[in-house]
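Predicted structure and sequence below. I'll ask about it afterward.
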Amino acid sequence: MKNNTLYVFLLTLIAFTAHAQEQKMTAAEITAFKSAVNTTAKTTKTLTTDFVQYKHMDFLSNDIETSGKMKFKAPNRLLWQYVKPYQYSVVFKDNKIVINDAGKKSAMDLSSSKMFDKLNKLIVGSVSGNMFDENEFDISFFKNSTHNITRLVPKDAALKKYIKQMELYFDKKGNMVEEVKMTEPSGDYTRIVFKNKAANVPVPDSVFNN
């Protein structure tokens, strides 16, 4: 039961309707887009951002809204901190997940679970934009007037039980992820909107000792 709860929580981290009519990218546009995003991912050593998360469930009349802060440091250190309406944080560091629930801490070794390891890579990839692993996903590319959009459908049978598809919305100017939408097999989805992003600013290691 505890593992299932943690799976759901991690999937909630990873998750918007399109701003305008979507169009499929051409082969040339896909090549240029992937190159630009990979370059941005490689040159982004740190990233800090605020976020607002919306959890949509069909049986609720309103989405559940939470907000917080995220800090990333290459290659794989990540702090995801909820500050409103509750205090909750998750740190990915040294192949471990450390959860701080209002002062109560627990940890898990990623190497003990293939699924948790996949989720860790998925979360880090969704933040950094490094998500073009065609061994793990069926990937399609779209664009609208404001964003380039990557749609990912998991190939792994175990992951499919939790994620139907993911959509990453990249700003066209900076080639960084602005929004993530994760849709579950039930049709419920989580949408995360990043705000006030700052790349390559100092992020001390002590941040990840939460």
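Received the coordinates, thanks. Just so you know, these numbers come straight off a predicted model, no measurement behind them.

Can you report phi and psi for the residue located most distally from the centre of the chain?
When each C-alpha in the chain is compared with the mean C-alpha position (C-alpha atoms, centre = their mean), A28 comes out farthest, at 26.3 Å. According to degrees, to the nearest 10, the main-chain angles of A28 amount to phi -70, psi -40.

Quick check: nearest residue in space to Q23, chain neighbours excluded?
Nearest in space to Q23, with sequence neighbours left out and distances taken as C-beta to C-beta, 6 or more residues apart in numbering, is K143 at 5.7 Å. Bear in mind the C-beta positions are built from the backbone N, C-alpha and C, glycine included.

Can you show me the CA trace of the helix or strand encompassing E167 as PDB?
Element membership of E167 [criterion: DSSP states H and E] is strand 165-171. These are the backbone C-alpha positions of strand 165-171, laid out as PDB (Å, rounded to 0.1, in the frame of the first residue of the first chain):
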ATOM      1  CA  GLN A 165       0.800   9.700 -22.000                       C
ATOM      2  CA  MET A 166       2.800  12.800 -21.100                       C
ATOM      3  CA  GLU A 167       2.900  16.100 -22.800                       C
ATOM      4  CA  LEU A 168       5.700  18.600 -22.500                       C
ATOM      5  CA  TYR A 169       5.200  22.200 -23.600                       C
ATOM      6  CA  PHE A 170       8.500  24.000 -24.500                       C
ATOM      7  CA  ASP A 171       8.700  27.700 -24.900                       C
END
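
Could you tell me which strands sit next to it in the sheet, and their orientation?
Within its sheet, strand 165-171 is paired with strand 147-154 (antiparallel), strand 177-183 (antiparallel), according to DSSP bridges.

who's in contact with the first one?
With C-beta atoms under 8 Å, 6 or more residues apart in numbering as the contact definition, strand 147-154 has outside contacts at 18-19, 22, 25, 33, 131-132, 136-143, 160, 163-172, 175, 178-179.

For V153, name its beta-bridge partners.
According to DSSP bridges, D138 are recorded as the beta-bridge partners of V153.

what's the distance between it and M182?
Using C-beta to C-beta, to the nearest Å, one obtains 12 Å as the distance from V153 to M182.

So between these two, which is more surrounded?
Neighbour tally, V153 and M182, criterion other C-beta atoms under 10 Å: the higher count belongs to M182, 24 against 16.

so after the helix or strand of the chain with the lowest mean pLDDT, what's the next helix or strand?
When the helices and strands of the chain are compared on mean pLDDT, DSSP states H and E, helix 2-14 comes out lowest with a mean of 58. If you walk from helix 2-14 toward the C-terminus, the next helix or strand you reach (DSSP H and E) is strand 23-24.

Mind giving me the packing neighbours of that following strand?
In terms of contacts (3 or more C-beta pairs under 8 Å, 6 or more residues apart in numbering; DSSP states H and E), strand 23-24 is packed against strand 137-143.

which residues are common contacts for V153 and M182?
Where contact means C-beta under 8 Å, 6+ apart, the residues bridging V153 and M182 through contact with each are Q165.
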